[in-house]
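Chemist: pasting the sequence and the predicted model now:
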Amino acid sequence: MSDEFAERRRATAWLQRPDGPIAAEHAEFEAGSGHPTLRAGRLHRLVSGVEERPREVSQEELDALGDPMATLCFQRHIFPMAVQDLLDQLPGAVDQPKVYLVSESGTIPQADAPHLRRDIRFALTYAVRGTEADLLISTGANSDPRTTFLQVAAWDDRNKVFNYYMRITPAWIWTGNSWDALAAASRGRGCFDSHVNGSVVMKELKQPWINWQSQSAAIQLPDNDPLRDNPLYRRVIGAENLETTVRAQINRWTAARLEKVTAGGIVQHPDHLLRQLFTTTTVNLTSTATQSVGIRPGDEPLRLPMGFWMNNDALLDDLGLEVEAPVPATTTALYAQSLATFGFRLEEKAGNFSRPGDTFFAFVVPEAALEDNAVVREMGERGLISPKFAACALMVDFPNPVFSADRARLMRYVPTTATAADSLGDRVAQQILAAAGTLPADSPEARFAAHWNLPDATWRDDFCERLTAYLKKVQERITTREGFDDYVRLAESRRRQFKAMKLHEFELTLPVTDIPATAATLRMNEDATVTAQT
C-alpha cells in the first residue's frame, strides 16, 4: 500500500473521510502505483455512484467552477501537492489561515501509550473574499505533508455550493458538490457518507469540543515532538473559534439550498427537506464539560448534556419553548460506579491499546445535528412549515432526540413531488390526521394529531409543561442506581447506532463497555423509564 493510502486509511478530519470515493471503490489505487487515468497537472472528477472511474474534467466543467480552489489554482494550471504549496497560492493576510488541531488520542500522554497511533490532523480555514471562510482544508499533522491526505471543501459563490476536492498524487479529484449529497445516485456514497446533507462537518461542535485543541483541553505532545516545529502548529488556535465558522458555513449552504428549492413558490423534493425533521440524517457528539479522570465521589453533581434528553436546540432555542427544571444531574458516585459496573474502557485494536475508564470528557453521546435543525429553522423562516408544525413533529417522541423510529414513521405522509411552498406543512399535517383516525391512540400519527388539535393559544404552554414534567421525572430517577444504570444503557444503545454510521471513524471517539452486542436497542419514554425499542 502506498504511503498516501496508508495515511488516508488511518487519518481523517472534519471535512471528509479518508476512505472516500477512490480509496473505497477503486482498489487499484491501493496497489501503490496510482491509477493509469490520473494525469499530473490535471483536475479529474469522480462522483461516487455516478461515475465508475475518474476522468479528466472538460474545459467547460473547469470554467464553471467558481470557488477559490478552482479560480486560484486549477484554472491557472496550478496543482499543489502539499498544504503549504496550496497556502502559497492564496492571497496573503496577516491573520490567515486559521489553524486548528484535532486528535482522538490527543489527551492520552505518549508515555502511557507509546505505540498508540496519534492521528493528529490540522483543519484550516481561509477567507479569500471578505470575512467568511471560503476554503476549509484538512490534512495530516504528524505525517509527511506530501504523502498524508489533503482534502478541501471550497465555497463556490457563483453556484452557491461547496465543492469537494481531494489530492491523490499526482493529481486532484473533484468528488462532487453539495447537490450531489442529496442526489439519489450519490447520496451516502464517497465523501457524502459523512457530508450527508452537502455541508461541512464538525461532529464535536459544542463546548467542550471533544478531541479538539480548545480552551477546554490541549492535545499533548512530547517536548521533542517534531510537530512543535511545524509552522502551522505554531498558529493553532482553539476550536471554540472553529465552532463559529462551521455554524456559519452550515447556515450559508442551508440558506442557498432553500432559496433554490423554493424558487417560484414551489418546493422541489419536499421529502429531502422534511427528512431532516422526521429522521436522523446525521448527528453531532456532545458530552459533559467535566474531565472523567478528575471525577471523584462527593464532587459536585454531574450534569449530563441536555441534548441527551431532548432536542433542546430546536425545542428551546429555535421554537422558544421554556422549561422550569434544571439540566438533570447525577451524583459522581453513581457515575464512578457505572464505569466499573459496565466495564468502561478505551480501546484501539490496531494500536493494541486498552485503558479502563471513560473518554476524556465524561459521557459522550450523539445528539440532534445542527444541520438538521438548521434546515427546519430555515423552513420555518420561509413559511414552508409553522412553528406549531415543527413542535408537533418533535414532540411525537421528544425523549428520543436521535434515532426515533416513531418520528421516522411520519415520513410516509410527506409528498415526494413538487408542492406549493405555502401549503407544505398543512398538507402533511392533514395527511397524518387522516391516517390517525384509523390508528391506535398511542401511534405516532395519533400523537401528532393530538398535538395539532391543541388550541393555537395554548399549545406552547402544554408542551412546556410536558417538557418540564419529563425533566423532573428524569431528575428523580437519575440519582438512583437503577435509574442511572438505565440511562447508561440508553447512552450505549445510541452510541452503537452512531457507530453504525460512516461518520464514526475512530475507535477512540467513544468508549467500549461490557454491554453485550446483542443487547436490545433502547428508547426513552416520557415517564423517564427506558424500554426496548419495538
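Modeler: That came in fine, so what should we check first? Values in this document were obtained by computation on a predicted structure and should not be read as measured data.
Chemist: what ranges do the helices span in the stretch 251-400 of the chain?
Modeler: 270-278, 306-309, 312, 332-341, 370-381, 387-395 (DSSP state H, counting those that start in this stretch).
Chemist: looking at this structure, which helix or strand is least sure?
Modeler: In the chain, no helix or strand scores lower on mean pLDDT, DSSP states H and E than helix 21-25, which sits at a mean of 38.
Chemist: sheet partners, orientation included, of the next helix or strand after that one?
Modeler: Per DSSP states H and E, helix 21-25 leads on to strand 43-45 as the next helix or strand towards the C-terminus. Within its sheet, strand 43-45 is paired with strand 55-56 (antiparallel), strand 171-177 (parallel), according to DSSP bridges.
Chemist: wait, isn't residue 401 in contact with residue 372?
Modeler: No - checked against C-beta atoms under 8 Å, the pair residue 401 and residue 372 is beyond contact range at 10.1 Å. All C-beta atoms are positioned from the backbone trio N, CA, C, and that covers glycine.
Chemist: check the gap between the closest residue to residue 308 other than its chain neighbours and residue 88 for me.
Modeler: Once flanking residues are discounted, residue 308 sits nearest to residue 365: 5.0 Å by C-beta to C-beta, 6 or more residues apart in numbering. Using C-beta to C-beta, to the nearest Å, residue 365 is found at 42 Å from residue 88.
Chemist: quick one, which of the two is more surrounded?
Modeler: residue 365 (23 against 11; other C-beta atoms under 10 Å).
Chemist: surely the more buried one is in contact with residue 492?
Modeler: No - here residue 365 lies out of contact with residue 492, judged by C-beta under 8 Å, at a distance of 9.1 Å.
Chemist: count the residues that sit near residue 317.
Modeler: Other residues within reach of residue 317, judged by other C-beta under 10 Å, total 12.
Chemist: swap that for residue 471, please
Modeler: 20.
Chemist: buried set for the helix or strand where it lies?
Modeler: Applying DSSP H and E as the criterion places residue 471 in helix 459-478. Across helix 459-478, burial judged by 16 or more other C-beta atoms under 10 Å covers 459-460, 463-464, 467, 469-471, 473-475, 477-478.
Chemist: who are the packing partners of it?
Modeler: Applying 3 or more C-beta pairs under 8 Å, 6 or more residues apart in numbering; DSSP states H and E, we find helix 459-478 packed against helix 306-309, strand 329-330, helix 387-395, helix 481-499.
Chemist: to the chain's geometric centre, what's the distance from the shortest one?
Modeler: So the one you mean is strand 329-330. 26 Å (C-alpha atoms, centre = their mean, to the nearest Å).
Chemist: outside of that strand itself, which residues are in contact with it?
Modeler: By C-beta atoms under 8 Å, 6 or more residues apart in numbering, the surrounding residues in contact with strand 329-330 are 301, 302, 303, 304, 475, 478, 479, 484, 487.
Chemist: same check, this time on the longest one
Modeler: The contact list for helix 481-499, computed with C-beta under 8 Å, 6+ apart, reads 283, 285, 304, 308, 330, 334-335, 337-338, 341-342, 363-366, 402-403, 476-478, 504, 510-511, 513, 515, 517, 519-524, 528-530.
Chemist: the helix or strand following it packs against which elements?
Modeler: Next along the chain after helix 481-499, taking DSSP H and E as the criterion, comes strand 522-524. Packing partners of strand 522-524 (3+ C-beta pairs under 8 Å, 6+ apart): helix 481-499, strand 530-532.
Chemist: per-residue confidence averaged over strand 522-524?
Modeler: Averaging pLDDT along strand 522-524 yields 98.
Chemist: paired strands for it, with orientation please.
Modeler: Applying DSSP bridges, strand 522-524 is found paired with strand 530-532 (antiparallel).
Chemist: of the helices and strands packed on helix 459-478, which is nearest residue 172?
Modeler: helix 481-499 (31.5 Å; C-beta to C-beta).
Chemist: how far off centre is that closest one?
Modeler: Centre-to-centre, helix 481-499 and its host chain are 20 Å apart (C-alpha atoms, centre = their mean).
Chemist: got the angle for that helix vs helix 332-341?
Modeler: Here the directions of helix 481-499 and helix 332-341 differ by 60 degrees (axes from the mean of the first three to the mean of the last three C-alpha atoms, to 10 degrees).
Chemist: quick one, what contacts residue 67?
Modeler: 134, 135, 154, 155, 156, 157, 163.
Chemist: what's the closest of these to residue 125?
Modeler: For the contacts of residue 67, the minimum distance to residue 125 (C-beta to C-beta) is 7.0 Å, reached by residue 135.
Chemist: domain ranges for this structure?
Modeler: 3-246, 264-532 (automatic domain parsing).
Chemist: show the end-to-end separation of the longest one, please.
Modeler: Length of domain 264-532, first residue to last, C-alpha to C-alpha, to the nearest Å: 46 Å.
Chemist: export the helices and strands packed on strand 522-524 to JSON lines and tack on mean neighbour count?
Modeler: Supplementary listing: the helices and strands packed on strand 522-524 in JSON lines, determined by neighbours: other C-beta atoms under 10 Å:
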{"stretch": "helix 481-499", "mean neighbour count": "19"}
{"stretch": "strand 530-532", "mean neighbour count": "14"}
